[in-house]
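Student: With the input below, show me the fold.
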Amino acid sequence: MAERFRPAARTEADGIEEVLRAIVGRDHVRLATEADAVAGVVPLVVAEPADERETASILRCANQAGLAVIPTGGGTKLDWGNPPKQADVLVSMRRQNQVLEHAWADLTVTVQAGCTVAELQRILSEHGQRLAIDALWPERATVGGILATNDSGALRLGFGGLRDLILGVTLALADGTVASSGGKVVKNVAGYDLPKLATGSLGTLGVITRAVFRLHPLPRHTRTLTAELENAAAMQRVVLSLLRAQLALSAVQIRQGTRIDILLEGTGDGIAAQHAALMQIAAFSEGSPDVWSARQRVCAEDSGTPVKFSALPSRVAEAFESLARSGAGAAVVQATGIGYARCQGDLQGLRNVMEKNGGSLVILGRSSLDAWGSAGDALPLMRAIKQQFDPKGTLNPQRYVGGI
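Tutor: Here you go, the predicted structure:
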């Protein structure tokens, strides 16, 4: 059962509601319910600001009053990360859901954080373009949410991750400041790299209100190929051969330890030429496009605890073996070494093995363990950045790595 942190929650909520209603209007503030729980913790109230100014005003008031703020979009990943130390105001970005500018000739788009990924892709497709990601639950997941959790998907192999695709970002900071960095030009690299810093920060540095992305054309043709290898060692050899090959592969994933899927995109002749080259590596045959929903199916299963792990590309076979020994069920790994699985065994033991082999294990569901594992040498720097952006710990307190 989800629970509130303090027994006086109802009284506190009454006071918070009145302050928030003065900022966003009476119709856009409500008491939180268990459906709004963040990693099992129910906030006091939910507020839906209409723009950056209202978002910043909420943060300023909360920061001054010592209240904790949790940003949310579609709510698809609210269980990711540790439970918050304190949860007072859930700030929903759903009203800020517009595509502000699609500069299709420049292959860039400026979009508000509350726009769903599916809606953004629909608008971009009208000009034959896309944001080259395959995020989880795109019909509900929002731009701000995928940035905060760094959810790029298998297309990362061909197009890079969100840190490569984002050009600019606007954040509402804890003290009520609205900060912007980057721009709408693909080659803009001047100034503090706030876009990359915000990506994957789980909303602990600021509330993302808008972002600017570089775009790619929609492919003329697509083709999915699948190869079934005889064992994990053969799979590992093929994966390394694919990564070394001079081929323009959009995505590669490994399922069930021995099954490799490849996504080819481009012209018909180009795809045919790549298929011929791939046949020199392994016996690839026609596959179903449905295989690219494997990651979402793994995350959506009910059995076990969902985890995200990383492994060196040269140790993908070892990662599958470790998962099998720990009693993991379905698992899928991208060729970049990022994978998802459902685990029922010893999560700490599995994490120890993954980290020993140069990887990591992040727990995406409810668990008695820390969600993140070791942060290594980066933790002091991460804490210093958190202190600079949010010295009072107003945003998502203790939900991130090292209790940030």
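Student: can you give me the mean pLDDT across stretch 65-82?
Tutor: Averaged over stretch 65-82, pLDDT sits at 95.
Student: ugh, typo on my part, it should be stretch 226-239
Tutor: In the prediction, stretch 226-239 has an average pLDDT of 96.
Student: gap between the two ends of that stretch?
Tutor: End-to-end distance for stretch 226-239, by C-alpha to C-alpha, to the nearest Å: 12 Å.
Student: And it, how far out from the chain middle?
Tutor: For stretch 226-239, the separation from the chain centroid amounts to 28 Å (computed by C-alpha atoms, centre = their mean, to the nearest Å).
Student: Over to stretch 255-264?
Tutor: Chain-centre distance of stretch 255-264: 22 Å, with C-alpha atoms, centre = their mean.
Student: Identify each buried residue in that stretch, please.
Tutor: Buried residues in stretch 255-264, counted by 16 or more other C-beta atoms under 10 Å: Arg255, Gly257, Thr258, Arg259, Ile260, Asp261, Ile262, Leu263, Leu264. Glycine gets a C-beta too; all of them are placed from N, C-alpha and C.
Student: ok, so of these, who is nearest Gln121?
Tutor: Comparing these against Gln121 with C-beta to C-beta places Leu263 closest, at 16.3 Å.
Student: secondary structure element for that closest one?
Tutor: Assigned by DSSP states H and E, Leu263 falls within strand 259-266.
Student: Give me the helices and strands touching that strand, please.
Tutor: Contact here means 3 or more C-beta pairs under 8 Å, 6 or more residues apart in numbering; DSSP states H and E; on that basis strand 259-266 packs against strand 221-228, helix 232-244, strand 251-255, helix 268-278.
Student: partners of it in the sheet?
Tutor: Using DSSP bridges, the strands paired with strand 259-266 are strand 221-228 (antiparallel), strand 251-255 (antiparallel).
Student: Pick the most buried one from these.
Tutor: Most buried of these by mean neighbour count (mean count of other C-beta atoms under 10 Å) is strand 251-255; its value is a mean of 23.
Student: give me the number of residues near Glu139?
Tutor: For Glu139, the neighbour count with other C-beta atoms under 10 Å is 10.
Student: Gln86 versus that one, what's the distance?
Tutor: Glu139 sits 31 Å away from Gln86, going by C-beta to C-beta, to the nearest Å.
Student: which residues in the stretch 51-200 of the chain form strands?
Tutor: 69-72, 89-92, 99-103, 108-112, 129-130, 166-172, 178-182 (DSSP state E, counting those that start in this stretch).
Student: Which of the ones you listed sits closest to Pro49?
Tutor: The closest of the strands of the stretch 51-200 of the chain to Pro49 is strand 89-92. By C-beta to C-beta, the value is 6.6 Å.
Student: from the chain's centre, how far out does that closest one sit?
Tutor: Relative to its chain's centre, strand 89-92 lies at 19 Å (C-alpha atoms, centre = their mean).
Student: Next: stretch 254-264.
Tutor: With C-alpha atoms, centre = their mean as the basis, stretch 254-264 stands 22 Å off its chain's centre.
Student: again, but for stretch 92-108
Tutor: On C-alpha atoms, centre = their mean, the centre of stretch 92-108 falls 19 Å from that of its chain.
Student: just to revisit the earlier point, tell me which two in the buried residues of stretch 255-264 are the farthest apart.
Tutor: Within the buried residues of stretch 255-264, two members stand farthest from each other by C-beta to C-beta: Gly257 and Leu264, at 22.9 Å.
Student: Show the low-confidence segments of the protein, by residue range.
Tutor: 1-14, 183-192 (pLDDT under 70).
Student: how's it carved up into domains?
Tutor: 9-94, 99-217, 221-287, 295-376 (automatic domain parsing).
Student: Would you enumerate the residues in contact with the closest residue to Glu230 other than its chain neighbours?
Tutor: Residue nearest to Glu230 in three dimensions, not counting chain neighbours: Thr258, with 7.2 Å by C-beta to C-beta, 6 or more residues apart in numbering. The contact partners of Thr258, by C-beta atoms under 8 Å, 6 or more residues apart in numbering, come to Glu228, Leu229, Glu230, Asn231, Ala232, Ala234, Met235.
Student: Of those, which is the most crowded?
Tutor: Going by other C-beta under 10 Å, Met235 tops the contacts of Thr258 with 24 neighbours.
Student: OK, contacts around it?
Tutor: When contacts are counted by C-beta under 8 Å, 6+ apart, Met235 touches Leu229, Ile254, Gly257, Thr258, Arg259, Ile260, Val316, Ala317.
Student: can you do 10 Å?
Tutor: Residues near Met235 by C-beta atoms under 10 Å, 6 or more residues apart in numbering: 227-229, 254, 256-260, 282, 316-317, 320, 333.
Student: wait, which of those residues is closest to Leu90?
Tutor: Top of the list for closeness to Leu90, among those and by C-beta to C-beta, is Val333 at 33.3 Å.
Student: now for the helix or strand that closest one falls within, which elements pack on it?
Tutor: Per DSSP H and E, Val333 falls inside strand 331-334. If contacts are counted by 3 or more C-beta pairs under 10 Å, 6 or more residues apart in numbering; DSSP states H and E, strand 331-334 sits against strand 251-255, helix 294-300, strand 305-310, helix 316-325, strand 338-343.
Student: send the alpha carbons of that strand over as CSV?
Tutor: Listed in CSV are the C-alpha atoms of strand 331-334, where the atom choice follows Å, rounded to 0.1, in the frame of the first residue of the first chain:
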residue,chain,number,x,y,z
ALA,A,331,15.4,-10.2,-20.8
VAL,A,332,16.4,-8.0,-23.8
VAL,A,333,19.7,-6.3,-24.4
GLN,A,334,20.6,-3.6,-26.9
